[in-house]
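**Q** Predicted model and sequence follow; I will ask about them next.
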Amino acid sequence: MRIGLYMVALHDRSLPDALDAMRAWGIETAEIAAGGFVPTPHCDAARLLEDPDRRAAWLAEFSDRGIELTTLNVNGNPLHPRPEVAEKHSADIYRAIELAPLVGVDRIIVMPGAPGSDPAASLTSWNVAPWETGLLDAREYQWSVAVPFWREVAAFAAERGVRACVEAHPHTVVYNTDTLLRLFERVGAENLGANLDPSHLFWQGIDPIRAVERLSGRVWAATAKDTVVDAEAVALHGLLDDRFSRVERDPYQLGGGFTVTSPPADAPWKFTTPGKGHDAAWWGRFVRALEAAGYSDTIAVEYEDWDTPVDESVPLAVRTLSEAGAGR
């Protein structure tokens, strides 16, 4: 299994400079943002679609450094109740599907999306414990939006030989193994699979290795991002801690006027670099579980470590994964 990088970590650098850093760190493959929540400084999908010469020159940046482009990432919320968000993110997904085969890529990564609670809603809704019937009604409405959308996306992708890898992510309709399997069953598309990111499972108490086993044959992308759980903070605040606040200065834009918020300093859990939350032995078991489940392509480091600079975090992740048996 090769070691890759989700290149959002290096959006502050030009594409050549980012790729040079990746080569120096021993990164073998690239997952690149092509739309959704994040900017796309390394992948102007619309212009790449229009111009074969631009595509060839762009791909040469990767091949000249011995790095293979494997995945286009379009994580966003195409089911958002506000059209200005949903339409943009949906268009990004369809554009990425069109671009993928033209740049030698056969898969995209997507988030499942979060509709509102009902047709009149203007904000997203996430109900994790539908203990009364109104919440069940909201859940069924959300799935009635999600299933036809992903059925259409999957059909469009299948016509172009592209697989869509869904990332189970809290605050969306698909956030754990059960809801991911539910999406596969209800959509019924053979080219809909999983991007397995253990960081979103750890803090929910889900064993990512057990998740891989349950998803055997449908894991087509994997992320290397770790999580630290603070037992004392959990004891005080629980895992479902809502003490997030607005970022007043230079907040990260998500589209539609929405921005990323800030967690509390004593958060019950936080994302970190592989090796800081779980050691190389655990990551070795994870890599072997992926391979046993039929996936042995690439595992992409995702940088979301609040405490470690990227130039320290990514090399540490690479060393951890190498010790775990991934990479050259």
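**A** Looks like it arrived, so ask away.

**Q** Look up which residues are beta-bridged to the closest residue in space to His278 that isn't next to it in sequence.
**A** Nearest residue to His278, sequence neighbours excluded (CB to CB, 6 or more residues apart in numbering): Asp226, at 5.8 Å. All C-beta spots, glycine's among them, are computed from the backbone N, C-alpha and C. Here Asp226 shows beta-bridge partners Thr272, assigned using DSSP bridges.

**Q** Do I have it right that Asp226 meets Gly275?
**A** Yes. With contact defined as CB atoms under 8 Å, Asp226 reaches Gly275; the gap is 7.1 Å.

**Q** out of those two, which sits in the busier spot?
**A** Neighbour count, other CB atoms under 10 Å: between Asp226 and Gly275, Asp226 has more, with 24 against 21.

**Q** Roughly how far does the residue nearest to His278 sit from Leu180?
**A** Asp226 sits at a distance of 20 Å from Leu180 (criterion: CB to CB, to the nearest Å).

**Q** pLDDT at the residue nearest to His278, what is it?
**A** Among the per-residue scores, Asp226 shows a pLDDT of 98.

**Q** who's in contact with it?
**A** For Asp226, the contact set (CB atoms under 8 Å, 6 or more residues apart in numbering) comprises Pro198, Ser199, Phe202, Phe271, Thr272, Thr273, Pro274, Gly275, Lys276, Gly277, His278.

**Q** what about the longest helix along the chain, average pLDDT?
**A** Using DSSP state H, we find that the single longest helix of the chain is helix 133-158. For helix 133-158, mean pLDDT rounds to 98.

**Q** Buried residues of that helix, list them for me.
**A** Neighbour-count burial for helix 133-158, counted by 16 or more other CB atoms under 10 Å, picks out 138-139, 141-143, 145-147, 149-150, 153-154, 157-158.

**Q** Packing partners of it?
**A** helix 83-99, strand 163-167, helix 177-187 (3 or more CB pairs under 8 Å, 6 or more residues apart in numbering; DSSP states H and E).

**Q** Pipe the ones you listed into a markdown table and attach mean pLDDT, mean neighbour count and distance to Asp307 per row.
**A** As requested, those are arranged in a markdown table below (pLDDT from 0 to 100; neighbours: other CB atoms under 10 Å; distance: least, CB to CB, whole Å):
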| stretch | mean pLDDT | mean neighbour count | distance to Asp307 |
| --- | --- | --- | --- |
| helix 83-99 | 98 | 20 | 30 |
| strand 163-167 | 98 | 24 | 23 |
| helix 177-187 | 98 | 18 | 29 |
